[in-house]
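A.B. asks: My questions concern the predicted model and sequence given below.
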Amino acid sequence: MSPASFSQMPGWQLDDHRAALITFVTTCRRFDRLKAVQPLPPAIYAGLASDWQSVCAVARGTRQSGSSAKQFFEDWFQPFAAADKNQAPGPASGLFTGYFEPQLNGSKKRSKRFNVPLYRRPNDLINIDLGKFDKALAGRRISGHVRGNRFLPYAERSEIESGILAGRGLEVVWVDSAIDAFFLHIQGSGRILLDNGETLRVGFDGKNGRPYRAIGRDLVAMGAIPRKDVSLQSIRKWLADNPGQARALMQRNRSYVFFKPIVGPGPIGAAGMPLTPGRSLAVDLKYVPMGAPVWLETTNPLNPLLPLARLVIAQDTGSAITGPVRGDLFWGYGRYAREAAGRMKSPGRMFLLLPKSAARRTLLHSG
């Protein structure tokens, strides 16, 4: 990271800072739960909980107008340009994708039509925070289960889809499409339109810990889809058009997600707060502190000739989001969100905003 100024962030003057402030204040509830002296990962520059608690106190008292919100961020934060040291610097130094809240058809009862289960988290699934064993591994987790006196990887997608969890009462709901269920696993949350007319919201409740595999890359390697045409829409169409190969291809992604019913505002991100369409960003927590404001500079996925520059808040994470300049923008719910998220694969860059008290220590540490 290198120190920057707000004048170096194209579009800063034109953004809706009020929307970003509202989202940031929501995330402040996460900082409130921490001890003041607790370092935030990545500890080398994210500062202490007290740094964030101080700016949160000011944020709550800031009048929620565009000019006041803009002034708040400029007064209390120092921007840093983020770069991957393994890539050449420039306006396209990172990759930004999108995700959304899909809608599926489902039922609380299994039937001939509704025969694909969404499972809740099994009680024998154990998640381990590796940062508690080694500070260098802060933000990294592994999942598995205990068999005898050994900690082993949990069942992978093919085993679960073959029924290894059946009969344990873990089914939250049954849906009518294995393809839709697969993409729900990727998005992490969604809405289920039940056959009785009600709507059930489901959210992420853990995963089996197996590595995520992007099947779009497999389709490119197979020659099924040109690399430039890979999107949620093109992948889904290929799966629907090739039912004989679809299941085997989807099972190459051994990662499997568990769900729980969501009551109230949602969907819920990894920070434990409701996500805000267009303002919540999933990041790699090895590089970006959860809850931090991030200035995103990329292009509109539905019209690459138009810029997309806005202040977002790091409120989520995901298996496919890896690297220092990598983000996944939450677009919300509905047709527009689905189209934008499904087509977003945009180069760009980002600036991380740190409280000035934490930034001073970062600059001192860096010499």
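C.D. replies: Structure received.

A.B. asks: okay, CA-based contacts and neighbour counts for the rest of this
C.D. replies: Noted.

A.B. asks: now the helices for the chain?
C.D. replies: 17-32, 49-61, 66-76, 157-161, 178-187, 215-221, 232-241, 243-250, 335-343, 356-365 (DSSP state H).

A.B. asks: can I get the ones you listed in JSON lines with distance to Gly169?
C.D. replies: JSON lines is the format used below for these (distance: least, CA to CA, whole Å):
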{"stretch": "helix 17-32", "distance to Gly169": "32"}
{"stretch": "helix 49-61", "distance to Gly169": "40"}
{"stretch": "helix 66-76", "distance to Gly169": "48"}
{"stretch": "helix 157-161", "distance to Gly169": "14"}
{"stretch": "helix 178-187", "distance to Gly169": "19"}
{"stretch": "helix 215-221", "distance to Gly169": "30"}
{"stretch": "helix 232-241", "distance to Gly169": "29"}
{"stretch": "helix 243-250", "distance to Gly169": "24"}
{"stretch": "helix 335-343", "distance to Gly169": "32"}
{"stretch": "helix 356-365", "distance to Gly169": "48"}
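
A.B. asks: Out of those, flag the one nearest Pro39.
C.D. replies: Closest to Pro39 of the helices of the chain is helix 49-61 (CA to CA; 6.1 Å).

A.B. asks: Show me what the closest one is packed up against.
C.D. replies: helix 17-32, strand 345-355 (3 or more CA pairs under 8 Å, 6 or more residues apart in numbering; DSSP states H and E).

A.B. asks: Quick one: work out the angle between the first one and helix 49-61.
C.D. replies: Compare the direction of helix 17-32 with that of helix 49-61 by axes from the mean of the first three to the mean of the last three CA atoms, to 10 degrees and you get 140 degrees.

A.B. asks: from the chain's centre, how far out does helix 17-32 sit?
C.D. replies: Offset of helix 17-32 from its chain centre (CA atoms, centre = their mean, to the nearest Å): 17 Å.

A.B. asks: For that helix, which helices and strands make contact with it?
C.D. replies: Using 3+ CA pairs under 8 Å, 6+ apart: helix 17-32 touches helix 49-61, helix 66-76, strand 303-316.

A.B. asks: 10 Å instead, please
C.D. replies: Contacts defined by 3 or more CA pairs under 10 Å, 6 or more residues apart in numbering; DSSP states H and E place helix 17-32 against helix 49-61, helix 66-76, strand 280-282, strand 293-300, strand 303-316.

A.B. asks: Partner strands of the longest one, with direction?
C.D. replies: When pairs are called by DSSP bridges, strand 303-316 turns out to pair with strand 280-282 (parallel), strand 293-300 (antiparallel).

A.B. asks: Would you mind getting the angle between that strand and helix 66-76?
C.D. replies: Strand 303-316 and helix 66-76 are oriented at 60 degrees to each other (the same axes, to 10 degrees).

A.B. asks: Would you mark the buried spots in strand 303-316?
C.D. replies: Neighbour-count burial for strand 303-316 flags 308-316 (criterion: 16 or more other CA atoms under 10 Å).

A.B. asks: Run the angle between that strand and strand 345-355 for me.
C.D. replies: Between strand 303-316 and strand 345-355, the angle comes out at 40 degrees (the same axes, to 10 degrees).

A.B. asks: and what of the fourth one?
C.D. replies: Comparing the axes of strand 293-300 and strand 345-355 via the same axes, to 10 degrees yields an angle of 160 degrees.

A.B. asks: Highest mean neighbour count out of the helices and strands packed on helix 49-61?
C.D. replies: Mean neighbour count, computed with mean count of other CA atoms under 10 Å, is highest for strand 345-355 among the helices and strands packed on helix 49-61, reaching a mean of 24.

A.B. asks: Name the strands paired with it and say parallel or antiparallel.
C.D. replies: Take DSSP bridges as the rule and strand 345-355 pairs in its sheet with strand 77-81 (antiparallel), strand 94-101 (antiparallel), strand 293-300 (antiparallel).

A.B. asks: where's the shortest one relative to the chain centroid, distance-wise?
C.D. replies: For strand 77-81, the distance between its averaged C-alpha position and the chain's averaged C-alpha position is 22 Å (CA atoms, centre = their mean).

A.B. asks: contact partners of that strand?
C.D. replies: The contact list for strand 77-81, computed with CA atoms under 10 Å, 6 or more residues apart in numbering, reads 1-6, 8-9, 55, 73, 293-295, 325, 349-360.

A.B. asks: Can you turn the buried part of those into a PyMOL selection?
C.D. replies: Selection of buried members from these for PyMOL, criterion 16+ other CA under 10 Å:
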select buried, resi 1+4+6+9+55+73+293+294+295+325+349+350+351+352+353+354+355+356+357+358+359
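
A.B. asks: could you measure the nearest residue to Ser346 once chain neighbours are set aside against His145, distance?
C.D. replies: Of all residues not flanking Ser346 in the chain, Phe96 sits nearest, at 5.2 Å (CA to CA, 6 or more residues apart in numbering). Separation of Phe96 from His145 (CA to CA, to the nearest Å): 33 Å.

A.B. asks: The two: who's more crowded?
C.D. replies: For Phe96 versus His145, the count of surrounding residues by other CA atoms under 10 Å is larger for Phe96: 25 against 18.
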